[in-house]
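In: Structure, please.
(chains A and B)
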Amino acid sequence: MGNAMTKSLSIVLTGSGGAGVMTAGQTLLDAATSCGLYGLMTRSTGPQIRGGEAAAMIRLSPVPVQSHSDRFDILLALDFENAERFAEELPLDAASLIIADPAAGELPAFLRACEAAIGLVPMAKLAKSIAGARVSMVALGVLARIIGLPETAVIAAVAESIGRKKPEALVASEKAIRIGTEMAPEVAISRLALPAQPPPDRWSITGNEATAYGAMKGGVKFVAGYPITPATEILEWMATALPQCGGVLVQAEDELASINMIIGASFGGAPSLTATAGPGLSLMTESIGLAVASEIPLVIVDVMRSGPSTGIATKSEQSDLNIAVYGLHGDAPHVVTAPLSVADCLLTAQWSVHLAESLQTPVIMLSDQSLGQARVVIDRPADIVLPAKRLVPEVSPDGYKRYAMTETGISPMAIPGYSGGQYTADGLTHNERGTPTSQAKDHIAQLGKRQRKLDAFDFSAYWADIDGEGALAVLTWGSSSQPVQEAVVAARANGIEVKLIALRLIAPAQPALLSAALAGVDRVLIIEQSHTGQFWRYLRAHYDLPRDVVPNYCPGPLPIRPGEVHKYIQREARA
Amino acid sequence: MNMITSCKPADYKSAVKPVWCPGCGDHSVLLSFQRALAELGLPPEQVAIVSGIGCSSRIPAYTNCYGFHGVHGRSLALASGLKVARPDLTVIVASGDGDGFSIGGNHFLHACRRNIDLTYVVMDNRIYGMTKGQPSPTTEPDWETAIAPDGTGLSPFHPLVIALASGANFVGRAFSGDLAGTVRLIVEAVRTPGFSFVQILSPCVTFRPDQQRAWKQAVHPAAVTETDDPARAARRLMTDDGFNTGVLYRGNREPYQPAPKAYHAPSCLETEFAL
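Out: Just a heads-up that it's a prediction; the model follows:
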């Protein structure tokens, strides 16, 4: 069975941490890209910084791909140390090819069991024959030859990444790549045809970079954050980028400080953001409530990982939906968004800033590890303009009321320095002027005002990506959307009419919009990556769904594969 | 902008009536805030007063400045973000011994270390007043309360020593009953660049009825002149009776103020992604 869906080639490199697997994988992607292919690379690692297990998972295709296929065509193992830890993450079959080093010893049982063809190359020995060469570069040469990438493209990609910094390492790497291509076994792999001309205007970007860049396009000028896997790259990228564009980043002492620093900066007029993962979001929730009550615009990016508690810090899951939606105490209307692909992190981050600034409320954006730490090669995204616009008082007001009752619930927000606009932002229940009060009428009025901001707002077509028609619809969100979309395309190719609805806006719920989208649908298949069906239960609580609702949920860290979703669609279409 | 727009203490007063008990030291601290701001000649809209939770943290709304009454213990973090984003503002942080030293203890260390140009005023009454009389980190070990019927048995926290050791650039102490002294210290603290820590002994008339009179008798201006030598300041503070008032340490560390390097449009970053 080949890849049932998009024409592509999937390759995984494994080895001990620090063996160079990630660099070799990245270089392979770069070389394939320079030959005109599109691609995706994700990383799977254990918790160790060095000496643990590492896998670079790559998918190459003549068309853009943003999630993995059902199986790998090629596994190249530098060694078998800890390889069994990846067993469940490496779907291989009799049509796959395993490249291994005879010096690494006997194949582990799980690799023998898949009945894949095996090609042995003494990669470690070959690397030893060249001074300063790394075995991962020999492996790179072997792979390039097998999949049909020109040696020159691979050497150029290595030169690009290490050449300038270390000329002597480049010489050794070139030799290693050459010897790898010479010694590669003759095997039958269905190669991808390389286009005559590389497509123009392509980008290579990770989800975390796209989030950071999108936020900056949205107007973010202040970021505070505390290091946490898998969100740190957002902070690191912005630490350099922000000061070039009129902003600053502060590393806080903890997440309690990060969230309060951005509340302070946003109060001061700077569109502000923090990035974290589940444990950090848990620490921040009290202060997110403060931002709701005091109506401070904020964006909190949660790059989700397997939870609860420390969970699996390096691996993905869509299980922070409940805390993002329900985690605040009191009735605290706020916005929750989710990017639908690696590339979509850009638009969703930009839109999240726009929503926060427009609505003067916190926005929690639920990215995840599978998006954030994945690198994709895509066509240059459309340049969308969504200016951050905060309603501010226009003329020197007489008797300024920060929390004035308005039809939209949105009140002009004075920024310090503005004479006559002085007010005290407060987490205490307050009246229109911001003065603390414990009277029922003030409490009810301000709760209503804050809810009205969200109820009255036009979230536009960005609320969901909707595609196709059919009596059967697949309803999904966030990172699950890409494998689902691939499955939907395959199902349609098999003659099944199916509609795809992927929610970018999780909260506030949009029951009228979804009801319209579900017109003519009598069965809904729900796909998500959580152990308790958080998304399904959320939909049941807030939406009118058709009678036939079929939830499909499973926890991380294993990715949702398009093939399994395709099977669900076929089953429900027949039922 | 004309920085000298108003100089009367009344210009910094709001119409909101304080919730504090009659006789609470915090009334005097509020008055000293107003007088200090008038002396500094800062327009109210250029000043932000940031606080957490507790009796003392109610102070921002009683002034006519911009204010933020946030969550318990996090005022220093909120103020740090504000000052970094808006270095043109004068930012004063108001806290109490529970808010600042217990729940907010970690932020205290890092605010001192970071040395952002903030003035941190802690109204210390050695008790949790708003929750009706529980021991704080500065409460004496034998002070009996409902939650610690035999006293805590714990040595009190020494905030000035910790501020100094953590890198604060200015350390001082005042007594709310000495209005002129408190005003003088706040003015000095605001004028000194970097992180200025001011402990104001501010008696709780309700849960510590002994404090008002005892402290009035105990406080005395520091017998020695201020120093910029942290080692000398540390020795003095370690042997301090807790009632020396005035400027106790003033250093010359550069404040932390990260600033943008350029003002390009974000689209300039796309070259990083383009193939």
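In: what bits of the stretch 1-150 of chain B have low per-residue confidence?
Out: Along the stretch 1-150 of chain B, segments meeting pLDDT under 70 span B:1-6.
In: same thing with chain A?
Out: A:1-5, A:49-51, A:163-164, A:396-397.
In: what's the residue closest to the geometric middle of it?
Out: Nearest to the geometric centre of chain A sits A:Leu371, at 2.2 Å (C-alpha atoms, centre = their mean).
In: Please name the nearest non-neighbouring residue to the closest residue to chain A within the stretch 101-250 of chain B.
Out: Nearest to chain A, among the residues of the stretch 101-250 of chain B, is B:His110, at 4.0 Å (C-beta to the nearest C-beta). Any C-beta I mention is one placed from the backbone N, CA and C, and that applies to glycine too. What sits nearest to B:His110 in space, not counting adjacent residues and going by C-beta to C-beta, 6 or more residues apart in numbering or on different chains, is A:Glu253, at 4.0 Å.
In: Please give me every residue in contact with the one you found.
Out: A:226, B:77, B:106-107, B:109-110 (C-beta atoms under 8 Å, 6 or more residues apart in numbering or on different chains).
In: TSV for those, including neighbour count, distance to A:Ala491 and secondary structure?
Out: Shown next, in TSV, are the contacts of A:Glu253 (neighbours: other C-beta atoms under 10 Å in any protein chain shown; distance: C-beta to C-beta, whole Å; DSSP: H, G, I helix; E, B strand; the rest coil):
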residue	neighbour count	distance to A:Ala491	secondary structure
A:Tyr226	23	43	coil
B:Ala77	34	50	helix
B:Asn106	15	53	helix
B:His107	29	54	helix
B:Leu109	18	58	helix
B:His110	17	54	helix
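In: so which of those residues comes closest to A:Asn494?
Out: When these are ranked by distance to A:Asn494 (C-beta to C-beta), A:Tyr226 comes first, at 47.9 Å.
In: Looks like the closest one contacts A:Ile259 (just checking).
Out: No. With contact defined as C-beta atoms under 8 Å, A:Tyr226 and A:Ile259 do not form a contacting pair (9.6 Å).
In: Does the residue nearest to B:His110 belong to a helix, a strand or coil?
Out: The local conformation at A:Glu253, judged by DSSP: H, G, I helix; E, B strand; the rest coil, is coil.
In: which bits of the stretch 101-250 of chain B sit near chain A?
Out: B:106-107, B:109-110 (C-beta under 8 Å from any C-beta of the partner chain).
In: Including distance to A:Gly470, could those go into a markdown table?
Out: Shown next, in a markdown table, are those (distance: C-beta to C-beta, whole Å):
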| residue | distance to A:Gly470 |
| --- | --- |
| B:Asn106 | 55 |
| B:His107 | 55 |
| B:Leu109 | 60 |
| B:His110 | 56 |
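In: Between those, which sits nearest B:Leu179?
Out: B:His107 (29.0 Å).
In: Please name the residues that touch that closest one.
Out: A:253, A:256-257, B:73-77.
In: okay, the contacts of A:Glu253 in CSV with distance to A:Gln422 next?
Out: Converted to CSV, these look like this (distance: C-beta to C-beta, whole Å):
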residue, distance to A:Gln422
A:Tyr226, 32
B:Ala77, 22
B:Asn106, 31
B:His107, 25
B:Leu109, 31
B:His110, 29
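In: Between all of these, which two are separated the most?
Out: A:Tyr226 and B:Leu109 (15.0 Å).
In: Spell out, range by range, the strands that occur in the stretch 151-300 of chain A.
Out: Assigned strands in the stretch 151-300 of chain A, in chain order: A:202-206, A:222-225, A:248-251, A:272-276, A:298-304 (criterion: DSSP state E, counting those that start in this stretch).
In: could the ones you listed be laid out in JSON lines, adding distance to chain B and mean neighbour count?
Out: Below are those laid out as JSON lines (distance: least, C-beta to the nearest C-beta, whole Å; neighbours: other C-beta atoms under 10 Å in any protein chain shown):
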{"stretch": "strand A:202-206", "distance to chain B": "4", "mean neighbour count": "22"}
{"stretch": "strand A:222-225", "distance to chain B": "5", "mean neighbour count": "29"}
{"stretch": "strand A:248-251", "distance to chain B": "4", "mean neighbour count": "21"}
{"stretch": "strand A:272-276", "distance to chain B": "7", "mean neighbour count": "31"}
{"stretch": "strand A:298-304", "distance to chain B": "11", "mean neighbour count": "30"}
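In: I'd like those strands written out as a markdown table, with distance to A:Ile415 added.
Out: As requested, those are exported to a markdown table (distance: least, C-beta to C-beta, whole Å):
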| stretch | distance to A:Ile415 |
| --- | --- |
| strand A:202-206 | 33 |
| strand A:222-225 | 13 |
| strand A:248-251 | 17 |
| strand A:272-276 | 13 |
| strand A:298-304 | 15 |
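In: What count of nearby residues applies to B:Ala262?
Out: 9 (other C-beta atoms under 10 Å in any protein chain shown).
In: count of residues packed around A:Ala196?
Out: 6.
In: A:Ile364 now?
Out: A:Ile364 has 29 nearby residues by other C-beta under 10 Å.
In: Which residue or residues pair with it through a beta bridge?
Out: With DSSP bridges as the criterion, A:Ile364 is bridged to A:Ile300, A:Val336.
In: which residues are contacting stretch A:106-125?
Out: Taking C-beta under 8 Å, 6+ apart as the rule, stretch A:106-125 contacts A:75, A:77-78, A:80, A:83-84, A:87, A:92-104, A:135, A:138-139, A:142, A:180, A:183-185, A:187.
In: In strands, which of those residues fall?
Out: Those of those mapping onto strands are A:75, A:77, A:97-100, per DSSP state E.
In: Strands of the stretch 351-500 of chain A, residue ranges please.
Out: Under DSSP E, counting those that start in this stretch, the stretch 351-500 of chain A gives strands at A:362-368, A:375-379, A:424-426, A:464-467, A:472-477, A:498-503.
In: buried subset of the contacts of stretch A:106-125?
Out: In the contacts of stretch A:106-125, burial by neighbour count holds for A:75, A:77-78, A:80, A:83, A:92, A:95-101, A:104, A:135, A:138-139, A:142, A:180, A:183-184, counting by 16 or more other C-beta atoms under 10 Å in any protein chain shown.
In: And the residue lying closest to A:Pro64 once chain neighbours are set aside, its phi and psi?
Out: Once flanking residues are discounted, A:Pro64 sits nearest to A:Tyr38: 4.6 Å by C-beta to C-beta, 6+ apart. Dihedral angles phi and psi of A:Tyr38 (degrees, to the nearest 10) take the values phi -100, psi 170.
In: Pull up the gap between the residue nearest to B:His110 and B:Asn106, please.
Out: According to C-beta to C-beta, to the nearest Å, A:Glu253 stands 6 Å off from B:Asn106.
In: What of A:Met365?
Out: 27 Å.
In: same thing with A:Met41?
Out: Where B:Asn106 is concerned, A:Met41 sits at a distance of 38 Å (C-beta to C-beta).
In: hang on, the earlier thing: out of the strands of the stretch 351-500 of chain A, which is the most enclosed?
Out: Across the strands of the stretch 351-500 of chain A, averaging neighbours per residue (mean count of other C-beta atoms under 10 Å in any protein chain shown) puts strand A:362-368 on top, at a mean of 30.
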